[in-house]
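Visitor: Below are the sequence and a predicted model for it; my questions follow.
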Amino acid sequence: MKTTRIIPRLDIKGPNLVKGIHLEGLRVLGKPADFAKFYYENGADELMFMDVVASLYERNSLHDIISETAKQKFIPITVGGGLRTISDIKSVLRAGADKVCLNTAAIKNPDLIRTASRKFGSSTIVIAIEAIKEENGKYLAYTDNGREYTGIDVFEWAQKVDELGAGEIVITSVDNEGTGQGFDLDLISKISSLVSIPVIAHGGAGTKQHVVDLIKENTTDAVMLSSLFHYQFIKDNEAKISSKEGNVEFLKQKRNFHTFEPCSIKDLKNTLVENKIECRI
Amino acid sequence: MKEDKKKVVIIDYQLGNLYSVKQACDTVGMNVVVSSEKEDILTADALILPGVGAFIEAMNNLEKLDLIDVIKRKVNSGSPLFGVCLGLQLLFTKSEEFGSGNGLDLIHGTIKKFPVKIDERKIKVPHITWNQVCKFNNSWGETPLRELKNSEFMYFIHSYYVHPDNDSCILTNTNYDGIDFCSSVIQNNIFATQFHPEKSADKGISIYKNWALINNLI
């Protein structure tokens, strides 16, 4: 059997869960713990925590959130953002993470992928690739949430990441991320066809059908989603939204929601099963 | 009284994440200590050999910490041992990972790598996902799996799998994209899983609980 994993992604800034568009323009949605608890109980296959400002400060500040989450939530947890060295990786693993996600540090020093996967096992090392399509049709890899240009070809980089011993790739279409317009199917299927390791598709889902289309037409191994689930959680829990710092006005207006048809994880998985896609229910 | 409780040692060979294994044990009420000390292992009532990481690195660390003999002695004298993931693989005779190396040889067999291709079809390795564990030769009634239904989903993350010389120790089988492999074993006082029960939600935690109950640890 080959099941497709459904992974909610929680972008974290300080104490808050945030969500942006094209990985930028972050808005506060609430407390990470509230969302994580709901996703765990709702059948998430893994959780992904990304410290979205860590690269700016060159440190990951998620240790407490990770330890607290890993205390009660017995599913795999991946942590990313600002991890630079073997000792950074070791310290988030010790805090309760199962896998680490690297982007900037791996691009600056590709040999870190080899060293880290030898030391911690390939399957612990996940590489995030943030892809932007240039006007000439080329896809280039960016770092720091799609801000920093590297000039590196995404497809060449994905193959190199595979050769260096990474366990998985998260491929983000920065162009589609947060827009709800659907996945970049060409990008994802090409990456998947070029590498021998699992590929996690991220960026652009606005409806359940987008996810069905992605899995049916591509060879993706997992799907990482945020807006779709976050907005559903907010709809269901308006009264309970506990963050005082939250962008309350924005959340009430739901200005951003019109391009999305939010759904719960359970709801999405039922739709996948109806479409004969294997997943854990 | 906590002092009366039997002591379970999670063997720390300084690789990867022991946090969730410890949390799972705490959740079901075991009295656990995470340790790399020979003395702790010698005085333990039961052992957990966890594992994430590379086989050779793990065996090298166990050797550096001088724990190989003491683990073997404990298991051979009848102490219960629960191996998880790499902790299952370490129990076997030898591995193909990064060139060949020798394991603890408490169960005879070899560790093999998943093929990257079957005919012309690509197999994604590592095997990272929830997959079904299916009954093999043994009944689950008296084992830590007794609360699971046949074909229960458990979480896997590995590139290598064990191939026991003798089928009789195989407790479950799993099929990944056309490849059948042994996903858990039971042999006398040894129980070990290729999947991660501590990452497999409530049903996974039931495995820790039942292992502890069967061995009178809680």
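Guide: Received it, and whenever you're ready, just let me know what you need. Residues are numbered from 1 along each chain as shown, chains lettered A, B, ... in the order given.

Visitor: how near is A:Ile77 to A:Asn16?
Guide: As judged by CB to CB, to the nearest Å, A:Ile77 and A:Asn16 stand 18 Å apart. Heads up, the C-betas are built off the backbone N, CA and C, glycines and all.

Visitor: Mind giving me the packing neighbours of the helix or strand bottoming out on mean pLDDT in chain B?
Guide: Sorted by mean pLDDT, DSSP states H and E, the helices and strands of chain B end with strand B:101-102, the least confident at a mean of 82. Contacts defined by 3 or more CB pairs under 8 Å, 6 or more residues apart in numbering or on different chains; DSSP states H and E place strand B:101-102 against helix B:55-64, strand B:94-95.

Visitor: Sketch out the low-pLDDT regions of chain B for me.
Guide: When residues are selected by pLDDT under 70, those of chain B lie in B:1-3, B:16, B:97-100.

Visitor: for chain A, what are the nearby residues on it?
Guide: Selection of chain B residues close to chain A by CB under 8 Å from any CB of the partner chain yields B:15-17, B:19-20, B:23-24, B:52-54, B:57, B:86, B:98, B:116, B:122, B:124-126, B:128-132, B:153, B:155, B:157-159, B:175-177, B:196, B:198-202, B:204-205.

Visitor: The same query, at a cut-off of 7 Å, please.
Guide: Neighbours of chain A within chain B, by CB under 7 Å from any CB of the partner chain: B:15-17, B:19-20, B:23-24, B:52-54, B:57, B:116, B:122, B:124-126, B:128-132, B:153, B:155, B:157-159, B:175, B:177, B:198-201, B:204-205.

Visitor: So which of these are in helices?
Guide: The helices, defined by DSSP state H, take in B:19-20, B:23-24, B:57, B:201, B:204-205 from the residues of chain B next to chain A.

Visitor: Now render those residues as JSON lines, adding neighbour count and distance to B:Leu67.
Guide: Below are these laid out as JSON lines (neighbours: other CB atoms under 10 Å in any protein chain shown; distance: CB to CB, whole Å):
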{"residue": "B:Tyr19", "neighbour count": "21", "distance to B:Leu67": "20"}
{"residue": "B:Ser20", "neighbour count": "24", "distance to B:Leu67": "22"}
{"residue": "B:Gln23", "neighbour count": "20", "distance to B:Leu67": "23"}
{"residue": "B:Ala24", "neighbour count": "24", "distance to B:Leu67": "22"}
{"residue": "B:Glu57", "neighbour count": "21", "distance to B:Leu67": "14"}
{"residue": "B:Ala201", "neighbour count": "22", "distance to B:Leu67": "31"}
{"residue": "B:Gly204", "neighbour count": "23", "distance to B:Leu67": "26"}
{"residue": "B:Ile205", "neighbour count": "19", "distance to B:Leu67": "27"}
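
Visitor: Stretch B:44-61: which residues count as buried?
Guide: For stretch B:44-61, burial by neighbour count (16 or more other CB atoms under 10 Å in any protein chain shown) applies to B:44-59, B:61.

Visitor: For the residue lying farthest from the centre of chain B, give its distance to chain A.
Guide: Relative to the C-alpha centroid of chain B, counting by CA atoms, centre = their mean, B:Glu120 is the outermost residue, at 32.4 Å. B:Glu120 is 13 Å from chain A, where distance means CB to the nearest CB, to the nearest Å.

Visitor: Dihedrals phi and psi, that residue?
Guide: Here is the backbone geometry of B:Glu120 (degrees, to the nearest 10): phi -100, psi 0.

Visitor: How about A:Lys13?
Guide: phi -130, psi 120.

Visitor: what's the answer for A:Lys133, then?
Guide: According to degrees, to the nearest 10, A:Lys133 has phi -90, psi 120.

Visitor: Show me what it is bridged to.
Guide: Beta bridges link A:Lys133 to A:Tyr139, judged by DSSP bridges.

Visitor: can I assume it is in contact with A:Tyr139?
Guide: Yes: assessed by CB atoms under 7 Å, A:Lys133 is found in contact with A:Tyr139 at 5.4 Å.

Visitor: Neighbour count for these two, which is higher?
Guide: Between A:Lys133 and A:Tyr139, counted using other CB atoms under 10 Å in any protein chain shown, A:Tyr139 has the larger neighbour count: 24 against 17.

Visitor: so who does that one touch?
Guide: When the contact criterion is CB atoms under 7 Å, 6 or more residues apart in numbering or on different chains, the partners of A:Tyr139 are A:131, A:133, A:154-155, A:187.

Visitor: Tell me how far it lies from chain B.
Guide: From A:Tyr139 to chain B the distance is 21 Å (CB to the nearest CB).

Visitor: buried set for stretch A:136-155?
Guide: Buried, per 16+ other CB under 10 Å, within stretch A:136-155: A:139-146, A:150, A:152, A:154-155.

Visitor: now do stretch B:126-142
Guide: For stretch B:126-142, using 16+ other CB under 10 Å, the buried residues are B:126-133, B:136, B:138, B:140.

Visitor: Of these, which belong to strands?
Guide: B:127-133 (DSSP state E).

Visitor: what pairs with A:Ala222 across the strands?
Guide: For A:Ala222, the beta-bridge partners are A:Arg5, A:Ile200 (DSSP bridges).

Visitor: so who does it touch?
Guide: A:4-5, A:7, A:198, A:200.

Visitor: For those residues, pick the one with the most neighbours.
Guide: Counting by other CB under 10 Å, top hit in the contacts of A:Ala222: A:Ile200 with 25 neighbours.

Visitor: Now do that one, the pLDDT please.
Guide: Predicted confidence (pLDDT) for A:Ile200: 98.

Visitor: Quick check: of the ones in helices among the residues of chain B next to chain A, which lies closest to chain A?
Guide: B:Tyr19 (4.1 Å; CB to the nearest CB).

Visitor: Now the closest one. Nearest residue, chain neighbours left out?
Guide: Nearest-residue entry for B:Tyr19: A:Gly96, 4.1 Å, with adjacent residues in sequence omitted and distances by CB to CB, 6 or more residues apart in numbering or on different chains.

Visitor: Check A:Lys190 too.
Guide: A:Phe155 is the one closest to A:Lys190 (CB to CB, 6+ apart), at 6.3 Å.

Visitor: just A:Ser91 next, same as before
Guide: Per CB to CB, 6+ apart, closest to A:Ser91 is A:His63, 7.1 Å.
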